[in-house]
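Engineer: next comes the sequence, and after it the predicted model I'd like to discuss.
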Amino acid sequence: MNTTTAPSRIKVITGNAAAAIGAKLARPDVVAAYPITPQTEVIEQISTFHASGEMDCELITVEGENSAMNAVMAASLAGGRVFTASSSWGLVFMYDAVLAVAGARAPVVMVNVNRETPGIIAVSSGQQDMISTRDAGWIFLIAEDCQEVLDLVLQAYRLAEDHDIQLPVMVHYDGFFLSYLSEGVDIPEQETVDRFLSVLDDQPRRTALTPGQKLGVGSHGILGGYMELRHKHVTAMERSKDKFEEIDKEFAGIFGRPYGGQLEEYRTDDADIVLVGSGSMCGTIKSVIDDQREKGMRIGLVKIRMYRPFPHQALVAALKGKKGVGVVDRSLAFGFEGGPIYTELKAFETRLDGTQLISFIDGIANTDITKTNVEKMIQMTRDLADGKDVPEVTWVSYPEANTKGEK
Amino acid sequence: MAEKKQGRLTKVLDYLKHDDPFSKGVAFCPGCGLELLLRFIPRVLGNDIVITGTPSCSAPVLLGQNNQSWHTLSYFGTLMTGAAANATGLVRYYRKAGIDNTVVCFNGDGTANDIGFGNLSGAAERNEPFIYICYDNEGYMNTGIQKSGTTPFGATTTTTPYGSVHKGKNLRRMNLGLKMAMNKIPYTATATLSDLEDLAKKLLKAKEAKERGFCFLHVFAPCPTGWGADPADTIEICRRAVKTNYFPLWEAENGRIRMTKTVKKPKSVNTYTELMKKFHHMTEADMKVLQDDVEYEYCLLGGLSVLEAECQLPVSVKDQGDAS
């Protein structure tokens, strides 16, 4: 791989600023957004870029999230590159349009700053907003840190607007933990980003609604071809897995940051115990792994970067033959024994050659996934691998759930 | 008299400079006001408009059914919640890309006055450069005649049925056109299908005014099926709605209201309501409530038009651009 990396500069910025800068570097034609905690800084930053002329886009300061998604949907189907950002209740308020965007195969790119949704004052981190919209038909990518927020926004445009994909992409990152966290971010040069995205200009021009053209687009499904459209949607989603791997490799070549594609496999090669996680918790998990590796424990992490489509082939390949796997969920799946990602992985258990799975629920409703919590998860996963009696589901920060016999 | 009629007719036809982009037989009920309006718009404004439509009675005709289209216009199928936001997205991208456009955001009263009012209001505030047309058939007709915010007092719908306790809608209708004019947008007007020349003029004015920002047309469009009327009476219903001041014709530039048709001796509202079964159960007392409401709204309109003439709208408000 080409090791000469492009010139860059490192700034200490928040995850929200990283998202806004990523959007600016992608040069969208239209941005429409509405503020919501913890996303607000994203649109404040974009408004500042717009006001200073740094960002040459149509900025639509809408009266609600529903209009944000509807506006970018139409701008996208008219041929534009678009961006929006939301979180939690905002995502919920735009949900009808979120579905319509997917059905219309509009290559909308947005960031969703993950936040809880069970009550309106649930101003706390959690991935329930992501889980509640997981089968909207969007590609879901999840960032671990501020750098990855910026990088994933750029990768998202390549994926969304790729001629073979044509699907909306939502980049998720943990509210509070990443939205307001300041850390060093390598901000690429505009011309490097332009070069990375220029591939999109060379592909066949996608269908766009232009005045005078005999064309209908938008949110209505046509009954006659509906089944066909849905099947094409599913197959395009499936294609996006390999495409994302390709894009990630190319990105690494240009920007010097390899992420691993659908999954990042951290010290898993010789590991017999593996945790599966996503988002900001992965930094903590890596840190614990590093500590325990020094004590000779063979543990690793599989970080989910692409959550929709569900990367089951990559997960099976990464986890097959491991003794014990603990899946950490920051959200709930009702009626199942375990968190949502755990439950989905369970569907492929028979392909794992006897790998045992265990579910951890943590990091919801303002609880922090601490190093102590991670150590506890690793110990329990090891106990599982050693054949000890371990509960299938553990609410790590709420022991009452485990002692009362509740799952 | 016959000669005069002929003269008027020719004048309306003069406005129809463009082809009818719709096929001859479409899936509307006989006497549908929406269909007449929908065919009229592109004949006046041109076939190069981009029209948006919601899931509604207009949807099967605008988007087509079973892979077959009924027209040759550029079309955007919106959600009811976000029609004006969709139109906003279109015009903003066209502006960025330097593409000339006339976007017509075409919706019923359910979308305009009720479920999609938030984004209509937002588009008005931001003075988005497109034409929003509401065909007001005073209810949710496509789902089977339910009450909307513009359903008039007394009218029966399937959610305000006639019962032993409750007898039709016990609330007044909202004045959608007036509340949009109060936003001081470049152009607001009411129109209906009995006064086609007036309608055509207002469409052309809107096309010109949308260069300065948001335009709103409130068009009274009867639904014979939903209102229990003879399909042959559609135009007569419109005519009587105007003659009773039930639906007065006016326009407002930057909020300044001007009557485009003044009825010298308005008829009582029951000459209008008698054409429709939805009002047939109403007692004299009920009818007086409706009559009083019509007179109140008309009086308010007149008062506002006088006040607007007296109060100078600041130049900065008149010449506002869109917030971008």
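Structural biologist: Received, thanks.
Engineer: quick one: pLDDT of the residue of the stretch 101-250 of chain A found nearest chain B?
Structural biologist: Closest to chain B within the stretch 101-250 of chain A is A:Gly218: 3.1 Å, counting by Cβ to the nearest Cβ. From N, CA and C alone the C-beta is placed, and that goes for glycine too. A:Gly218 carries a pLDDT value of 85.
Engineer: so who does it touch?
Structural biologist: By Cβ atoms under 8 Å, 6 or more residues apart in numbering or on different chains, A:Gly218 lies in contact with A:Ala74, A:Leu77, A:Ala100, A:Ala104, B:Thr52, B:Leu63, B:Tyr75, B:Phe76, B:Gly77, B:Thr78, B:Asn86.
Engineer: okay, buried residues for the one helix or strand in chain A whose mean pLDDT sits lowest please.
Structural biologist: In chain A, no helix or strand scores lower on mean pLDDT, DSSP states H and E than helix A:399-403, which sits at a mean of 83. Across helix A:399-403, burial judged by 16 or more other Cβ atoms under 10 Å in any protein chain shown covers A:Ala401.
Engineer: and that helix, what does it pack against?
Structural biologist: Secondary-structure packing of helix A:399-403 (3 or more Cβ pairs under 8 Å, 6 or more residues apart in numbering or on different chains; DSSP states H and E): strand A:393-395.
Engineer: show me the contacts for B:Val12.
Structural biologist: B:Leu196, B:Glu197, B:Ala200.
Engineer: I'd like the average pLDDT over the strand or helix carrying the last one.
Structural biologist: This points to B:Ala200. Using DSSP states H and E, B:Ala200 falls within helix B:196-209. Averaging pLDDT along helix B:196-209 gives 97.
Engineer: packing partners for the helix or strand just after that helix?
Structural biologist: The first helix or strand that comes after helix B:196-209 along the chain, using DSSP H and E, is strand B:215-220. Packed against strand B:215-220 by the contact rule (3+ Cβ pairs under 8 Å, 6+ apart) you find strand B:131-136, helix B:176-181, strand B:187-192, helix B:196-209.
Engineer: what sits up against strand B:215-220?
Structural biologist: Against strand B:215-220 from outside (Cβ under 8 Å, 6+ apart): B:33, B:37, B:120, B:124, B:130-136, B:176-177, B:180-181, B:185-193, B:199, B:202-203, B:206, B:209, B:238, B:241, B:247.
Engineer: does anything pack onto the following helix or strand past that strand? Which helices or strands?
Structural biologist: Remark: after strand B:215-220, the chain's next helix or strand is helix B:224-227, criterion DSSP H and E. Helix B:224-227 makes packing contacts with no helix or strand when contacts are defined by 3+ Cβ pairs under 8 Å, 6+ apart.
Engineer: mind checking pLDDT for residue 120?
Structural biologist: I'll assume chain A. Reported pLDDT for A:Ile120: 68.
Engineer: hmm, I had chain B in mind actually
Structural biologist: Reading off the model, B:Leu120 has pLDDT 98.
Engineer: how close does it get to B:Met180?
Structural biologist: 8 Å (Cβ to Cβ, to the nearest Å).
Engineer: which parts of the stretch 1-150 of chain B are helices?
Structural biologist: If DSSP state H, counting those that start in this stretch is used as the criterion, the helices of the stretch 1-150 of chain B fall at B:2-15, B:33-45, B:58-63, B:83-97, B:109, B:117-125.
Engineer: where does the stretch 101-250 of chain A dip in pLDDT?
Structural biologist: For the stretch 101-250 of chain A, the stretches flagged by pLDDT under 70 are A:120, A:221-223.
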